[in-house]
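Peer 1: Sequence first, predicted coordinates after that:
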Amino acid sequence: MAGIGDYISKTDIQLIKNKISTLQELPLETFHKNIKAISYLTYLLEKVGIKPIIVGGHAVEIYTLGQYTTVDVDIVLSGRELAREIFEELSFAKGQGFRHWYHEELGLPIEIPDDILAGSMDRIIQVTIEEGFHVYVIGIEDLILDRARAAVYWNSSGDREWSLLLMNAQYEEIDFEYLENEAKKEPDDSVFKLIIDLRNETEKYLNG
């Protein structure tokens, strides 16, 4: 079976190791340090055909420009065996199973909740972090829907508030037709009703 050495040069691996080593010393806030680290991971993962997508709380953090804070970074990716080799090559320690990884020097916990994105691949966005490095983030509509589901199914008032904040922050970028059509597919129509309520609240707020 092919390993990462069949796809990634030693030069590229050393480049990323050096960047991570430098990153440890930079006086950056956790959010900025973590997103740089994920962009370096993405650089190598893409060379083996893997597109890691940031989901969950860190995606909320990106769309709200750091208003939401989270400790770990959730990413969805396929190709677990090649990904495992890259994580280990970069000194990430594996927890139980494949789901949890931790980089001690960076203080960076990564969780891989799934290998399939709960949303549209066509709606993910690419965010440039520095020249030559970027990350992929779940689309805003699918992220709002994810938080709305949590608000309904887990009775989470916090997730309702973050759904609203996301909608306020990204209102002009949201495809409401897509968002509402996807919400209608949920088994509980409370999700769709919540999306409508959030839209009404957002428009009332934005219109003064």
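Peer 2: On my side now, so go ahead.
Peer 1: Can you tell me how far D12 is from G5?
Peer 2: In this view, D12 and G5 are 11 Å apart by C-beta to C-beta, to the nearest Å. All C-beta spots, glycine's among them, are computed from the backbone N, C-alpha and C.
Peer 1: Same check on V135?
Peer 2: Distance, V135 to G5, using C-beta to C-beta: 25 Å.
Peer 1: what do you get for Y40?
Peer 2: Y40 is 18 Å from G5, where distance means C-beta to C-beta.
Peer 1: which outside residues touch stretch 75-86?
Peer 2: Applying C-beta atoms under 8 Å, 6 or more residues apart in numbering, the external contacts of stretch 75-86 come out as 1-4, 7-8, 38, 41, 44-45, 48-55, 94, 98, 110-118, 138.
Peer 1: just the buried members of the residues you listed?
Peer 2: 4, 7-8, 38, 41, 44-45, 48, 50-55, 110-112, 117, 138 (16 or more other C-beta atoms under 10 Å).
Peer 1: so for the strand or helix carrying D197, what's the average pLDDT?
Peer 2: Using DSSP states H and E, D197 falls within helix 190-206. Per-residue pLDDT values over helix 190-206 give a mean of 98.
Peer 1: Then stretch 131-150?
Peer 2: Per-residue pLDDT over stretch 131-150 has a mean of 98.
Peer 1: what's the answer for stretch 45-64, then?
Peer 2: Stretch 45-64 carries an average pLDDT of 96.
Peer 1: first vs last residue of that stretch, how far apart are they?
Peer 2: The separation between the terminal residues of stretch 45-64, taken as C-alpha to C-alpha, to the nearest Å, is 26 Å.
Peer 1: Show me the domain layout of the chain.
Peer 2: Domain assignment for the chain by automatic domain parsing gives 4-138, 141-206.
Peer 1: who has more neighbours, Y40 and G5?
Peer 2: Between Y40 and G5, Y40 has the larger neighbour count (other C-beta atoms under 10 Å), namely 21 against 11.
Peer 1: And that one, which helix or strand is it part of?
Peer 2: Per DSSP H and E: helix 30-47 holds Y40.
Peer 1: So which elements touch that helix?
Peer 2: In terms of contacts (3 or more C-beta pairs under 8 Å, 6 or more residues apart in numbering; DSSP states H and E), helix 30-47 is packed against helix 10-25, helix 56-63, strand 73-76, helix 80-89, strand 108-111, strand 125-130, strand 133-137.
Peer 1: Identify the residues contacting the fifth one?
Peer 2: Pointing back at strand 108-111 there. 33-34, 37-38, 56, 71-75, 87, 92, 99-103.
Peer 1: out of everything not next to it in sequence, what's closest to the residue positioned nearest the centre of the chain?
Peer 2: Against the mean C-alpha coordinate of the chain, by C-alpha atoms, centre = their mean, the closest residue is I54 at 1.6 Å. Distance criterion C-beta to C-beta, 6 or more residues apart in numbering; nearest residue to I54, sequence neighbours excluded, is V137 at 4.7 Å.
Peer 1: so that neighbour bridges to which residues?
Peer 2: Beta-bridge pairing of V137 under DSSP bridges involves I54, I125.
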